[in-house]
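**Student:** fold the following and give me the result.
(chains A, B, C and D)
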Number of protein chains: 2
Amino acid sequence: MNATKTPSPPPERKRGLGARLVYDLLRDEILDLVLPPGSPIDEVQLAERFEMSRTPIREALVRLAGEGLIATLPNRSTMVANLDFLNMAPFFDALTLMYRVTGQLAARNRRPEDLEAIRARQAEFSAAVAAQDALAMIATNAAFHAAIAEAGRNPYFNSLFSRLLDEGRRFLRLYYQSFEDRLPQRFVDEHEAMIAAIEAGDAETAERLGKAHAEQIVVQIRKLVIGEQRLDIAL
Amino acid sequence: MNATKTPSPPPERKRGLGARLVYDLLRDEILDLVLPPGSPIDEVQLAERFEMSRTPIREALVRLAGEGLIATLPNRSTMVANLDFLNMAPFFDALTLMYRVTGQLAARNRRPEDLEAIRARQAEFSAAVAAQDALAMIATNAAFHAAIAEAGRNPYFNSLFSRLLDEGRRFLRLYYQSFEDRLPQRFVDEHEAMIAAIEAGDAETAERLGKAHAEQIVVQIRKLVIGEQRLDIAL
DNA sequence: AGCCGCAATCTTGTCGACAAATAATATGCA
DNA sequence: TGCATATTATTTGTCGACAAGATTGCGGCT
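**Tutor:** The predicted model follows:
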């Protein structure tokens, strides 16, 4: 007989990749709001879903908590971190500054292979815009700016910028409706201008374009959520 | 009989604090170079030392790895991250910018309780200088600037700045000899000037002082290790 | 003697189970 | 009926053990 379910032949998972697997997947689901802010995270449920023990799941959760993507109350439940709309001004301050800095550094330190990578991301972004795929637009836009940051070669700025871009993905996923029709092409054009400045090594222009690009996003979102005071550093 | 070691009555550790305990301690030991860069980290050894299972130790290590304080090769050994002297220019760029930004934001957003905290840290720093305690000087100096960042109330900048100050603690721990005699009092004075500007709400001065303070540190360390290009954002 | 391959050992990643802490439910009393 | 308390249940933190990879040491071969 043995009409019960088969003993599930070991899925032949490679050793040492379990945590990374669930980390990557959970991260994407959080950033794309498949898991909306406040969603409860159940370890055993994830363990069943990924067909592994709780240990690698917990490792992934610890890493996600370290990046501020999930919040964990000690001895109590853990859930997806919620983005608080009251503190959006600090977010925009940091995002704008990172746009400026990474643009400037990229113009100074870029190498041929960096430009290749940046152009590849821009192509993906452009394709997503053409396809009206909002989710892909958001993800590829973040990847584009991350590529610029990479060209700047400052790991400290890069890690902060990555975190900000992650948060931005969640924000945009909430509000992308307002971008649907008119903004995308403008973004594509601004991206092209940034690439040109970076390729020319024009640090000042790259910084200015980065700032303007950030302002575009900020004013767009601020129409929906109110932030008050803005950082104005050495304007 | 029973001349062997007693069965070690359970050390009555509280639940859920195991990981935090070893995390805090390991972190301090890494930042104070008690564990120098490159030191191998042995899980079982730590498990014996803290008298707990490997599970909470691994959780602490994952968190430390997330902050870049330890490097872990998959399926191979894990060791204390080494600070590379080739990439010190990016570090100084980021540090200088964060000094400026946090100073400016603190001048804008400070509250009475923030000034209390800042002054308390400054007092500790001053005491460490008077006592010629290099290790305490380094730690309290970092705490002073972290307090300023707190007053700025931008969690994104704060997390990056904390990471930079951590790295700085390790650098300074390596080179503090050059600071022994002449620099400390200057730092104390500059700190006082920064406090005054922050209390007065003078954002521009606070930023300028922060930049100057950072430059002091940079030129001092650059006498020892060579970095070349510097970020010059909207001077 | 030097190099290659095999065996033994060590370290890490994963697992299942247990225990503590909290949340949920039921029970007793006013 | 409503509230306080006790009991159950769920969930997290911890543990000891096992197995896969990797490292080291040994032995054999050219």
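**Student:** use CA for all of it now, contacts and neighbours both
**Tutor:** Noted.
**Student:** can you count the residues close to A:L46?
**Tutor:** For A:L46, the count of nearby residues is 17 (other CA atoms under 10 Å in any protein chain shown).
**Student:** for it, give its distance to A:A60.
**Tutor:** Using CA to CA, to the nearest Å, one gets 11 Å for the distance from A:L46 to A:A60.
**Student:** and what of A:R20?
**Tutor:** Counting by CA to CA, the separation of A:R20 from A:A60 is 7 Å.
**Student:** the two: who's more crowded?
**Tutor:** Of the pair A:R20 and A:A60, A:A60 is the one with more neighbours under other CA under 10 Å, namely 23 against 15.
**Student:** for A:L33, give me phi and psi.
**Tutor:** phi 60, psi 20 (degrees, to the nearest 10).
**Student:** distance of the residue nearest to the spatial centre of chain A relative to A:I138?
**Tutor:** Centroid-nearest residue in chain A, with CA atoms, centre = their mean: A:D166, separated by 2.6 Å. Computed as CA to CA, the A:D166 to A:I138 distance reads 10 Å.
**Student:** swap in A:Y99?
**Tutor:** For A:Y99, the distance to A:I138 (CA to CA) stands at 16 Å.
**Student:** tell me the pLDDT of the residue of chain A found nearest DNA strand D.
**Tutor:** With CA to the nearest atom of the strand as the measure, A:N75 is the residue of chain A nearest to DNA strand D, at 3.8 Å. With respect to pLDDT, A:N75 has a value of 90.
**Student:** got it, and the one 10 residues further on?
**Tutor:** Per-residue confidence (pLDDT) for A:F85: 79.
**Student:** please apply the same query to the one 5 residues further on.
**Tutor:** In the prediction, the pLDDT value recorded for A:P90 is 93.
**Student:** which stretch of helix or strand covers it?
**Tutor:** When elements are assigned from DSSP states H and E, A:P90 belongs to helix A:88-109.
**Student:** quick one: that helix to helix B:88-109, angle?
**Tutor:** If you take axes from the mean of the first three to the mean of the last three CA atoms, to 10 degrees, helix A:88-109 sits at 150 degrees to helix B:88-109.
**Student:** any idea how far A:T96 lies from A:F161?
**Tutor:** From A:T96 to A:F161 the distance is 10 Å (CA to CA).
**Student:** and these two? Which one has more around it.
**Tutor:** Between A:T96 and A:F161, counting by other CA under 10 Å, A:F161 is the more crowded of the two (26 against 22).
**Student:** grab the nearest non-local neighbour of the more buried one.
**Tutor:** A:M98 (6.2 Å; CA to CA, 6 or more residues apart in numbering or on different chains).
**Student:** give the contact list for A:Y23.
**Tutor:** By CA atoms under 8 Å, 6 or more residues apart in numbering or on different chains, the contact set of A:Y23 is A:57, A:60-61, A:63-64.
**Student:** go with 10 Å
**Tutor:** When contacts are counted by CA atoms under 10 Å, 6 or more residues apart in numbering or on different chains, A:Y23 touches A:17, A:29, A:56-64.
**Student:** need the three-state assignment for it.
**Tutor:** Judged by DSSP: H, G, I helix; E, B strand; the rest coil, the three-state class of A:Y23 is helix.
**Student:** do you know the pLDDT at it?
**Tutor:** 97.
**Student:** again, but for the one 4 residues further on
**Tutor:** Residue-level confidence at A:R27 comes out at 96, pLDDT.
**Student:** who in chain A is up against DNA strand C?
**Tutor:** Counting by CA under 7 Å from any atom of the strand, chain A comes close to DNA strand C at A:14-19, A:51-56, A:75-76.
**Student:** any residues in contact with both of A:D166 and A:I138?
**Tutor:** A:31-32, A:172.
**Student:** among those, which are in helices?
**Tutor:** Among the shared contacts of A:D166 and A:I138, the ones falling in helices (DSSP state H) are A:31, A:172.
**Student:** ok, the shared contacts of A:D166 and A:I138 vs B:P90, which is closest?
**Tutor:** Closest approach to B:P90 among these (CA to CA): A:L31, at 28.5 Å.
**Student:** pretty sure that closest one is touching A:L164, no?
**Tutor:** No: using CA atoms under 10 Å as the test, A:L31 is too far from A:L164 to be in contact (11.5 Å).
**Student:** these two: who's more crowded?
**Tutor:** A direct count of neighbours by other CA under 10 Å for A:L31 and A:L164 places A:L31 higher, at 24 against 18.
**Student:** ok, so what distance separates the residue nearest to that one when sequence neighbours are not counted from A:A196?
**Tutor:** Nearest residue to A:L31, sequence neighbours excluded (CA to CA, 6+ apart): A:R170, at 5.2 Å. The spacing between A:R170 and A:A196, counted by CA to CA, is 29 Å.
**Student:** these two: which is more packed in?
**Tutor:** Taking other CA under 10 Å, A:R170 and A:A196 do not tie; A:R170 has more neighbours (21 against 16).
**Student:** so what are the sheet partners of whatever helix or strand A:M79 lives in and their directions?
**Tutor:** If you go by DSSP H and E, A:M79 is part of strand A:78-80. Partners of strand A:78-80 in the sheet, by DSSP bridges, are strand A:40-41 (antiparallel), strand A:70-72 (antiparallel).
**Student:** outside of that strand, which residues touch it?
**Tutor:** Residues from elsewhere that reach strand A:78-80, judged by CA under 10 Å, 6+ apart: A:30, A:33, A:35-43, A:61, A:64-65, A:68-73.
**Student:** overlap in contacts, A:L46 and A:A60.
**Tutor:** In contact with both A:L46 and A:A60: A:22, A:26, A:54, using CA under 10 Å, 6+ apart.
**Student:** the second one: neighbour count?
**Tutor:** The one in question is A:L26. The number of residues near A:L26, taken as other CA under 10 Å, comes to 20.
**Student:** which neighbouring elements make contact with the lowest-mean-pLDDT helix or strand in chain A?
**Tutor:** Every helix and strand of chain A was ranked by mean pLDDT, DSSP states H and E. The lowest is helix A:203-222, at a mean of 88. Helix A:203-222 sits against helix A:88-109, helix A:155-175, helix A:183-200, with contacts defined as 3 or more CA pairs under 10 Å, 6 or more residues apart in numbering or on different chains; DSSP states H and E.
**Student:** what's the offset of the shortest one from the middle of its chain?
**Tutor:** When you say that, I think you mean helix A:183-200. Distance of helix A:183-200 from its chain centroid, counting by CA atoms, centre = their mean, to the nearest Å, is 19 Å.
**Student:** so is it next to chain B?
**Tutor:** No: Helix A:183-200 does not reach chain B (CA under 10 Å from any CA of the partner chain); its nearest approach is 15.4 Å.
**Student:** flag every buried residue along that helix.
**Tutor:** Buried residues in helix A:183-200, counted by 16 or more other CA atoms under 10 Å in any protein chain shown: A:184, A:187-188, A:190-191, A:193-199.
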